[in-house]
Each structure stands twice: as structure tokens, then as C-alpha cells.
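**Q** A predicted structure for the sequence below; I have some questions about it.
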Amino acid sequence: MKHLLGTGSLALALLLGGCGGQEPEVQIPPGSDTNVTAEDPEDVEQAEQPEEPVSEEMDPLAFFMEDGTVAHFKGDGNEFAELTVRTEHLDEDHIALYEDNGGTVILKVYRLSDDRVDLVKEEPEFYDEYNPTPEELEALETISTYLEFPLEEGNTLDDRTVVQTGATVETPYETFEDAIVLESESSENAINRWYFVEGYGEVKREYIAQEDGEEFKVTSSLESIE
């Protein structure tokens, strides 16, 4: 028995001596990633920092209907409140709206840029097709600001003010949950109000006045799209 113990002790000594004092080899379980490296503290800190929210930019084109669209608006309060509006895309930067109120057709041409939409032509009693050259379009001068982005509460656009965002507006076509409301004073006792929805454009307009202590309202509300 002593002989066997001596031999075992000798084998253990030889084994330890053969290691030469080196660090013992780490056994990595099968399937583990062998390319694991220590993380840089700075990298860890950067990774833990929350990303800053990116502001969503509005596309001016999204506030007009598609080329060739004909939209019908139900009218209340006035014989000229019922509207038929045809949208024509003249080029990448100009859109024409033919607005028929039953009494006349008004041509309105808008110029689109990165952060705004300007009215550059307005002509009543227009019963033809508007086919301008590129040079004629570029020569049109701004009449007024139609939309200016971002559309945030309190922002002013000439004589109109953004009075509400995320508004709910009911129309015969649909109830919209994220409308933008613009308002202006028409007179001392009257206001004009416009409702815009991204993906559609103008979906409702109102004229509200106080006459002899009573409210008088004229509305045009989106009813159908062709």
C-alpha cells in the first residue's frame, strides 16, 4: 500500500511540475462564443444612454389629395357651402385645386417647399383647364401662406393661427382623430375655421358668427372622395 501511495504522489508531482506554474486552462462549454472580449466602460456607458427622440417631419404633399381626386363636401347654412374640389398635380412643386361651389369655380394654385405651402394663384370664374409652362409657374408670386411647418399650437400663418392639434373632427365621410385646426377672425363677431388632416388635406371649414345674440354657422364637410 505504501508503494502505491508513493507512486501516486510522484505522478501528481510530475503533473504539476509539467505545468511550469502556468495559469490553468479555462474550459469553455460547447456552443459558447469563444470571441468574448471585455467591454470598454465607455462603450457600455454610451450604449446605456437613451436615444433622443427624432421629430417627425410633415410632408407638405400629404396635405393634398392624390392627383385627379374629386372630393365632395356637404354644405350647411348657405347655398354655396356645398363644394366639389378637384385636385391636379401640375408638377412636383405645384398643385391646383378647382373649387366649385355651385355658383362659380375658383382656381387656386399652391407652391410646395420643404417647410411651407404658399398660395400663388387665385382666380374666380375659372372654367378652363390651367396648363401653365414651367416658366409661368415659377413666375407666380406668393399671395399668402397656406401652411407652414411644424403645425404647432400657437403658430401663426399670416392672419391665421393654429389653435389645436390632435383634434377630433366629425365629417360625413369619416370621424378624424388627429386634425389640425386653424382659425382667423373674419370680423369682430365672426371667425373662420379650417380643419386639416395629414393624408387628406382640408376636410372641413366653418364660418361662425354671432347675430343678434344667436350663433350662425356655415360649414363644408368632406362627404365623399372619387
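**A** Sure thing, it's come through. Residues are numbered from 1 along each chain as shown.

**Q** burial of Leu107, as a residue count?
**A** Leu107 has 19 neighbours, counted by other CB atoms under 10 Å. All C-beta atoms are positioned from the backbone trio N, CA, C, and that covers glycine.

**Q** Can you list the low-confidence ranges for the protein?
**A** Along the chain, the parts satisfying pLDDT under 70 run over 1-56.

**Q** my guess is Gly154 is in a strand, correct?
**A** No: per DSSP: H, G, I helix; E, B strand; the rest coil, Gly154 lies outside any strand segment and is coil.

**Q** and the gap between it and Ser144?
**A** With distances taken as CB to CB, to the nearest Å, Gly154 is found 19 Å from Ser144.

**Q** neighbour count winner among these two?
**A** Neighbours were counted for Gly154 and for Ser144 using other CB under 10 Å; Ser144 has more, 12 against 7.

**Q** is it true that that one touches Asp118?
**A** Yes: Ser144 lies in contact with Asp118 (CB atoms under 8 Å); the separation is 7.1 Å.

**Q** would you list every one of the helices in the protein?
**A** 2-19, 41-48, 134-139 (DSSP state H).

**Q** Please, where are all the strands along the protein?
**A** For the chain, the strands defined by DSSP state E cover 70-76, 83-89, 94-100, 105-112, 116-123, 144-148, 156-157, 160-170, 175-187, 190-197, 201-211, 214-225.

**Q** I'd like to know which elements the fourth one is packed against.
**A** Think strand 105-112. strand 94-100, strand 116-123 (3 or more CB pairs under 8 Å, 6 or more residues apart in numbering; DSSP states H and E).

**Q** phi, psi of the most centrally placed residue in the chain?
**A** For the chain, the residue sitting closest to the mean C-alpha position, by CA atoms, centre = their mean, is Met58 at 3.8 Å. The phi/psi pair for Met58 (degrees, to the nearest 10) reads phi -90, psi 140.

**Q** Tell me which of the helices and strands packed on strand 105-112 is the most buried.
**A** strand 94-100 (a mean of 20; mean count of other CB atoms under 10 Å).

**Q** got the CA positions of that strand in CSV?
**A** C-alpha atoms of strand 94-100 as CSV (Å, rounded to 0.1, in the frame of the first residue of the first chain):
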residue,chain,number,x,y,z
HIS,A,94,-47.3,73.0,-57.7
ILE,A,95,-50.8,71.8,-57.1
ALA,A,96,-54.0,73.2,-58.5
LEU,A,97,-57.4,73.0,-56.8
TYR,A,98,-60.6,73.6,-58.7
GLU,A,99,-63.2,74.6,-56.2
ASP,A,100,-66.8,74.5,-57.4
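
**Q** what's the neighbour count on Glu198?
**A** By other CB under 10 Å, the burial measure for Glu198, its neighbour count, is 14.

**Q** so it sits right up against Phe63, yeah?
**A** Yes: counting by CB under 8 Å, Phe63 is a contact partner of Glu198 at 6.5 Å.

**Q** could I get the strands of the chain as CSV with distance to Pro132?
**A** Output for the strands of the chain, formatted as CSV (distance: least, CB to CB, whole Å):
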stretch, distance to Pro132
strand 70-76, 21
strand 83-89, 11
strand 94-100, 8
strand 105-112, 8
strand 116-123, 9
strand 144-148, 18
strand 156-157, 25
strand 160-170, 27
strand 175-187, 28
strand 190-197, 26
strand 201-211, 21
strand 214-225, 26
